[in-house]
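In: Build me a structure from this.
(chains A and B)
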Amino acid sequence: MTTFADQQLEDQIAEWRTYVRRRQALYRPDAEELEGHLRHQLAALTEAGLTGDEAFLVAVKRMGSLDELSREFARAHSERLWKQLVITPETEASTQTGRDELFIVLGLAVAAAIAVKLPALFGHWINPSAEFPLFYAKNASLFVFPLLTVYFLWKRGSDRVRGLWFAMAFAAAAVLANVFPFPSGSETEMLTALHLPIALWLIVGFAYAGGRWFDDGGRMNFVRFSGELAIYYVLIALGGFVAILFTFMMFRAIGMNPGWFVAGWLIPCGAAGAVLIGSWLVEAKQSVIENMAPVLTRLFTPLFTLLFLAFLATMAWTGNPINVRREVLIGFDLLLAVVVGLVLYAASARDPQAPPDFFDGLQLALVVSALVIDGVALYAIAARISEFGFTPNRVAALGENIILLVNLTWSAWLYARFLGHRSSFAVLERWQMAYLPVFSAWAAVVVLVFPPLFGYR
Amino acid sequence: MDVAKDLVAASSTPLVLAILAEGESYGYAIIKRVAELSGGHLQWTDGMLYPVLHRLERQGYVAAKWDASETGRRRKYYRITEEGQAELTAQRQQWKAVDDTLRGIWMGESTV
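Out: Sure thing, here's the model as predicted:
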């Protein structure tokens, strides 16, 4: 096979090559092999007296239809239609950085596992037979998120100044969470444990966006990343659970009890390391595999809409009021959080330019029915909240409910306008993106202000 | 006369194996050899040879390696393996059985 002096012919070959490369079933070496054939054919044809153009037409025609060809290739290599995540990179350069990244991620995962075990040196033990120490619950995000931030700082090539700011934020959070004099069984300490990860996740987001946070695209990518990470984490956890079952089965068979190892080492170290491994997998797969979170959204939006409508209909039909027990508010908070999640991930997979379709109508029905349910619940709770008293838990839950309610009310309004062709979907997306820091800000308020405000009780 | 598509497809494996049994070769040369042997009756679209070669490679009947060609670009060369030889022998017997049967009936016809 030859390289041709005729530049136009070379251009045509290059164009043909990009066409071939677009086929999923055809890998780079296959394209190279086919191109070799094409060039050989072209050389023979031009030698026989055809012009470059004529030769190209004949050679491509003889090669046959690319559709048929890639179908045959797919039949010969059936695995190629299943996208592989742990793929071997195609070029030498990407192999090198890919290997560097793997080592860095493994190093950081091990560092996270060690970070979890360090407090044990200072007397914080995890004992399988005693209650789980709140110290670990409170600091869980501090063991892992800084290392995850380091990974993204490395990956995005961010400068040191930015890294320093992040380090200071983490250090401040670590100090505050641990110097507050919580008495044992303190409600505000529990709230800190629950809200610190939400507040700190924003820092991970800044690192993830690598300076593009204020582009809506940067934030949306972080939302996508978070959803995929959650899914990968659950999958890894399932695998870990199976490993734990086998650990118990095997060691008990030889008369040993591995409980101390599983509870003290395997679960905490695995849970910490899995965040980094999961993040790396999500980063690696971005372009390889379809995002899962939007698929789940498509599945569950109709289900939840039906569920809400059925609930409202039942309530209207029977006239049963909501039985306000003490923690019912938290349940409705979670419900709204799920709906916000569904809206967010539906938006993450949507082409903002596309016109409104049936699914958008369904989303509006979902949001409105959720709002009505939450309104009914809030009305019932408000009537009795003074009776229960304003404990830290209840104030936090009420605050969250209001934040989610504001988000969804405005989303419903924007959805309605979008469905009525009076506004674009991008407006809704911008609203959701602009709202993201509010969640973390409220979480930060709960962590920073609530303990002193309520006297650490 | 063009040979029907199904028949072309069915004969591709023994034909490619037989050509490779003559010695190591590569795609373009194999196609040229097929055209030469069939006198143009077997019409292959050139591209279709490659999936066949890849399938044979997977089945272990041929082995492939990338090597430099006379023009300096890389080229993928194929050669037949021992299993390929065995498969060729088996296919040869099957084709002979088909051929004998058809011959038997057509000889009879021509004498009638």
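
In: From chain B, how far off is residue A:377?
Out: Here residue A:377 is placed at a distance of 61 Å from chain B (Cβ to the nearest Cβ, to the nearest Å). In short, each C-beta sits where N, CA and C put it, glycine included.

In: How many neighbouring residues does that residue have?
Out: By the criterion of other Cβ atoms under 10 Å in any protein chain shown, residue A:377 has 20 neighbours.

In: ok, it - contacts?
Out: A:322, A:328-329, A:332 (Cβ atoms under 8 Å, 6 or more residues apart in numbering or on different chains).

In: Which phi and psi values does the residue in the stretch 351-457 of chain A that chain B sits nearest to adopt?
Out: At 34.5 Å from chain B, residue A:351 is the closest residue in the stretch 351-457 of chain A, using Cβ to the nearest Cβ. In terms of degrees, to the nearest 10, the main-chain angles of residue A:351 are phi -80, psi 110.

In: so which strand or helix has residue 53?
Out: This is for chain A. helix A:52-63 (DSSP states H and E).

In: Can you look at chain B instead?
Out: helix B:49-59.

In: From the contact counts, what lies against that helix?
Out: On a contact count with 3 or more Cβ pairs under 8 Å, 6 or more residues apart in numbering or on different chains; DSSP states H and E, helix B:49-59 meets helix A:28-47, helix A:66-76, helix B:5-21, helix B:27-38, strand B:62-68, strand B:74-80, helix B:82-111.

In: Make CSV from the ones you listed and add distance to residue A:425 and mean pLDDT to it.
Out: Formatted as CSV, these follow (distance: least, Cβ to Cβ, whole Å; pLDDT from 0 to 100):
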stretch, distance to residue A:425, mean pLDDT
helix A:28-47, 37, 89
helix A:66-76, 34, 83
helix B:5-21, 49, 90
helix B:27-38, 50, 89
strand B:62-68, 49, 88
strand B:74-80, 48, 91
helix B:82-111, 58, 88
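
In: Quick check: which of these is nearest to residue A:137?
Out: Among the helices and strands packed on helix B:49-59, the nearest to residue A:137 by Cβ to Cβ is helix A:28-47 (49.0 Å).

In: close to chain B, is that closest one?
Out: Yes: applying Cβ under 8 Å from any Cβ of the partner chain, one finds helix A:28-47 touching chain B at A:29-30, A:32-34, A:36-37, A:39-41.

In: which of those are buried?
Out: Using 16 or more other Cβ atoms under 10 Å in any protein chain shown as the burial test, those include A:30, A:32-34, A:36-37, A:39-41 as buried.

In: closest to residue B:78 among the residues of helix A:28-47 next to chain B?
Out: residue A:33 (10.4 Å).

In: wait, what's in contact with the closest one?
Out: B:27, B:50, B:75-76.

In: what's the most distant pair in those?
Out: B:50 and B:75 (12.7 Å).

In: In chain A, which residue sits nearest chain B?
Out: For chain A, Cβ to the nearest Cβ, closest residue to chain B: residue A:64, 3.1 Å.

In: The closest residue to that residue other than its chain neighbours: neighbour count?
Out: With sequence-adjacent residues excluded and distances taken as Cβ to Cβ, 6 or more residues apart in numbering or on different chains, residue A:64 is closest to residue B:45, at 3.1 Å. As a burial measure, residue B:45 scores 16 neighbours (other Cβ under 10 Å).

In: What does residue B:45 show for phi and psi?
Out: When read as degrees, to the nearest 10, the backbone of residue B:45 gives phi -80, psi 130.

In: got the residues of chain B near chain A?
Out: By Cβ under 8 Å from any Cβ, the residues of chain B that approach chain A are B:26-28, B:31, B:45-48, B:50-52, B:54-55, B:58, B:66, B:69, B:71, B:73-76.

In: Mark which of those are buried, thanks.
Out: Looks like the residues of chain B next to chain A have B:26-28, B:31, B:45-48, B:50-52, B:54-55, B:69, B:75-76 buried, using 16+ other Cβ under 10 Å.

In: residues near the residue nearest to residue A:109 when sequence neighbours are not counted, how many?
Out: Among residues not flanking residue A:109 along the chain, residue A:273 sits closest, at 3.8 Å (Cβ to Cβ, 6+ apart). For residue A:273, the neighbour count with other Cβ under 10 Å is 23.

In: what about residue A:273, which SS state?
Out: For residue A:273, the secondary-structure state derived from DSSP: H, G, I helix; E, B strand; the rest coil is helix.

In: so where is the stretch 251-400 of chain A shaky, pLDDT-wise?
Out: A:287-289, A:326 (pLDDT under 70).

In: mind listing the helices for it?
Out: For the stretch 251-400 of chain A, the helices defined by DSSP state H, counting those that start in this stretch occupy A:259-261, A:267-285, A:293-318, A:328-348, A:358-388, A:392-419.

In: can you tell which of those helices is closest to residue A:132?
Out: helix A:267-285 (10.0 Å).

In: Packing partners of that closest one?
Out: Partner elements for helix A:267-285 (3+ Cβ pairs under 8 Å, 6+ apart): helix A:92-117, helix A:134-156, helix A:216-253.

In: List the buried residues in stretch A:340-352.
Out: Those would be A:340-348, A:350, for stretch A:340-352 by 16+ other Cβ under 10 Å.

In: Contact partners for the residue of chain B found nearest chain A?
Out: Here chain B gets closest to chain A at one residue, residue B:45, 3.1 Å apart by Cβ to the nearest Cβ. By Cβ under 8 Å, 6+ apart, the contact set of residue B:45 is A:62-65, A:68.

In: what's the spacing between it and residue B:28?
Out: The gap separating residue B:45 from residue B:28 is 14 Å, by Cβ to Cβ, to the nearest Å.

In: Same question for residue A:160.
Out: Distance from residue A:160 to residue B:28, by Cβ to Cβ: 56 Å.

In: still on that earlier bit, please identify which of the helices and strands packed on helix A:267-285 is closest to residue A:389.
Out: Nearest of the helices and strands packed on helix A:267-285 to residue A:389, taken as Cβ to Cβ: helix A:134-156 at 23.5 Å.
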